[in-house]
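>>> only the shape, not the letters, is given here:
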């Protein structure tokens, strides 16, 4: 494929993508396939000679699409949102074409520098304390990780390195094993200090936890993977109060801030803590500006030019556009909450703070499991459950960029009808 | 931005990308900027109101491009190649649009299933032992990781879990710390068992290492990050002999197999070893086909639909096209090798096996450091160095998809001229 053919096929692909996203509401949100469906549909080995592009793109519709769970359907209310916006798609095309691997400043200065500035932009949108920003000369700073899991692991490794050094300095004779036995990590059953848990979007109280961590000289990492995006709205910013006690903070713009996966934003108060945990300096990575950039802030050596996505999205939406987007989702969640509240057969299980509604039929777990089973078998909408203490609960998460009141109303009507037919079924 | 505007802007972006890649040879391969160049060029905060797309795309040329190291310039001979092909760019547009997060089979069955089958296709291209393939019912299988570093860490965690369980079964009273002190990982100064080291593309002897690991019941992980792609050619396949002794094997199609970053291919002989190291089952990830797919084979929970890139690339090049691509690079490396050999001032430092030539001026390290400094300051080509034992060595890696004999000839003429002027300079 030469560049002339790429121009033609690329434009066809842009139309294919636009068609897909325009028409996604008409597709069944959850697929009909069974495990193993795909293998018999394609050859057992790669072709020796090139296939035609026409055949490949037609196979996308024939073979791939029947097995896709359509995360961007306005009838998808499962898990949490996964961001998908046109500006991010455009930026990602550019990112692929530049195709630099930003493992050091020299490997592509723009990649490192735009990331640092975008993380400052985003930090300011969240009103993070100044200490977390890189600014011109700050000690803190942000870095894009692939996922909140990676950010948590990075924080854990940085904390371990810091404490290990402290212990070794205090008692030089300690063996590695003895040090390991002294290290303690505290977490709840929803992991580290969390703002907006996956199960029910609950919030740890940072104003209680934070001062204790500081007093005991413990590393405090805060994970706000989903909820973090909402903190760009002044009315939700109070949920982040106490972040000033943290050593590191992380949330995923790839969830709710319209920056396509992957883009997990992590800030630290002391860049040197991260660098200390990862330092590795083969000669082929050395250059004249060794201390510039974000080398060794992460597990993989390679990094895509992910900040382009942030730059395009922040500029094409503007802060007001992003705030409006968050507010629309929260408004739709409250709309669903009110619909549930008006039906005496149902109960709301936790306070609705952002875009997630946890609800259930008043009755047994078995009853609610059956309701969810009927919902997901009908495949008009898609939900996933959670356990809250001993209760089996249904999660209704506002997810798609294009979801509107009409979809929420339809979804509720559908759930209520399935509940009616379920409750009319003779029970054991 | 609505879908109509995306159609227009997306096509403009496709042309922008095609223009960039067509004209990349005319751009200076390494940028002129100094650290901190970018921050003063853009606002200190995100805009409140949306910017115009025209302004953003014009800023790409004004602000980003001057700071880009052009990895896909045919005058880029640094590090190792980073893959960039039109079919992969097309697939990545589709991947972004589908935007599913494939953390379980149910989260998007096609994402998991295509990955499993593509890893079998690729494994067969490499003639990996059957034990590493998933097939219909095999115990092995492949998974796409983000980078070789992640694959190594995953292998290490799997190995640790396996040995820890064995030790605990043998001596139930052992504390965690005592177990930690018993665990040993062996590596050389180039890390784990490696086929094609970064410094000089040297190869560990698997036929020696492998049987010892098997006899001692040690986990053997093999990293062939760069060299692995070449094993699709029968004439290079012997370099992989001994892989049958390994527990896990990894290489990066995103280096040399035209699949854009990130795509690191990892296989294991026993899938259950990986699953055991990562198991975590919140209710929201449970579904009716829990054992299908690649959940828990990696560090991050989320995964992009990366196998689409493999599918597009394998089909649009065909195995023969991919082999021809590898062979072209190896041929160009030998062409450069011969040029070096014909100049008595220079020496070749290691055997040229694939696409990397390690060479230096006969003389001091200081002299070679100065030569490299002059090469990289002139910015006509870009190289990085390595240390081989005590010697400072220049690495000439065939990298770009579009590099041809003419570029290699020009590069050599340039190096030879710089050497001439360097050697004419009075020395201290």
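Structure's in. What do you need? Owing to the predicted nature of the structure, the values given are computational and were not obtained by experimental measurement.

>>> quick one: buried residues of the lowest-mean-pLDDT helix or strand in chain A?
Within chain A, no helix or strand scores below helix A:271-278, which has a mean of 78 by mean pLDDT, DSSP states H and E. By neighbour count on 16 or more other CB atoms under 10 Å in any protein chain shown, the buried set for helix A:271-278 is A:271, A:273, A:274, A:275, A:277, A:278. Bear in mind the C-beta positions are built from the backbone N, C-alpha and C, glycine included.

>>> and what of stretch A:54-74?
Those buried within stretch A:54-74 under the rule 16+ other CB under 10 Å are A:56-57, A:59-60, A:63-64, A:66-74.

>>> what do you get for stretch A:323-335?
So, applying 16+ other CB under 10 Å, buried residues of stretch A:323-335: A:323, A:325, A:326, A:328, A:329, A:330, A:332, A:333.

>>> that one and chain B, are they touching?
No: Stretch A:323-335 does not reach chain B (CB under 8 Å from any CB of the partner chain); its nearest approach is 9.4 Å.

>>> tell me the average confidence for that stretch?
Averaging pLDDT along stretch A:323-335 yields 98.

>>> what's the answer for stretch A:35-45, then?
Here the average pLDDT along stretch A:35-45 is 96.

>>> same check, this time on stretch A:67-82
Rounded mean pLDDT across stretch A:67-82 is 97.

>>> which strands and helices sit next to whichever strand or helix holds residue A:340?
Taking DSSP states H and E as the criterion, residue A:340 maps to helix A:307-341. Using 3 or more CB pairs under 8 Å, 6 or more residues apart in numbering or on different chains; DSSP states H and E, the elements in contact with helix A:307-341 are helix A:86-98, helix A:109-125, helix A:253-256, strand A:346-348, strand A:356-361, helix A:405-424, helix B:53-59.

>>> if I look at the residue of chain A most remote from its centre, how far off is residue B:183?
Most distant residue from the mean C-alpha position of chain A: residue A:173, 42.9 Å away (CA atoms, centre = their mean). Here the criterion is CB to CB, to the nearest Å. By it, residue A:173 lies 21 Å from residue B:183.

>>> residue A:303 too?
On the measure of CB to CB, residue A:303 and residue B:183 end up 30 Å apart.

>>> got it, and residue A:187?
24 Å.

>>> give me the three-state assignment for the closest residue to residue A:156 other than its chain neighbours.
Nearest non-adjacent residue to residue A:156, counting by CB to CB, 6 or more residues apart in numbering or on different chains: residue A:185, 6.8 Å away. Here residue A:185 is coil, with the state taken from DSSP: H, G, I helix; E, B strand; the rest coil.

>>> what count of nearby residues applies to residue A:185?
The number of residues packed near residue A:185 is 11, by other CB atoms under 10 Å in any protein chain shown.

>>> these two touch, right, it and residue A:157?
No: the pair residue A:185 / residue A:157 is not scored as a contact, 11.4 Å apart, by CB atoms under 8 Å.

>>> returning to what we had before: give me the more crowded residue out of residue A:303 and residue B:183.
Legend: neighbour count by other CB under 10 Å for residue A:303 and residue B:183, higher for residue A:303 (29 against 13).

>>> so where is the stretch 251-400 of chain A shaky, pLDDT-wise?
Where the stretch 251-400 of chain A drops to pLDDT under 70, the residues are A:278-281, A:290-296.

>>> mind doing that once more with 80?
Applying pLDDT under 80 to the stretch 251-400 of chain A flags residues A:275-301.

>>> show me what from it comes close to chain B.
A:254, A:260-262, A:282-285, A:289, A:292-293, A:299-302, A:304, A:308, A:311-312, A:314-321, A:384-387, A:392, A:395.

>>> by the neighbour-count criterion, which of the residues you listed qualify as buried?
A:254, A:260-262, A:284-285, A:292-293, A:299-302, A:304, A:308, A:311-312, A:314-319, A:321, A:384-386, A:392, A:395.

>>> related to what we said a few turns ago, who's in contact with the least confident helix or strand of chain A?
A:134, A:139-141, A:143, A:154, A:157-158, A:160-162, A:165, A:247, A:268, A:295-299 (CB atoms under 8 Å, 6 or more residues apart in numbering or on different chains).

>>> how distant is that helix from the center of its chain?
24 Å (CA atoms, centre = their mean, to the nearest Å).

>>> what does stretch A:113-124 give?
Distance, centroid of stretch A:113-124 to centroid of chain: 18 Å (CA atoms, centre = their mean).
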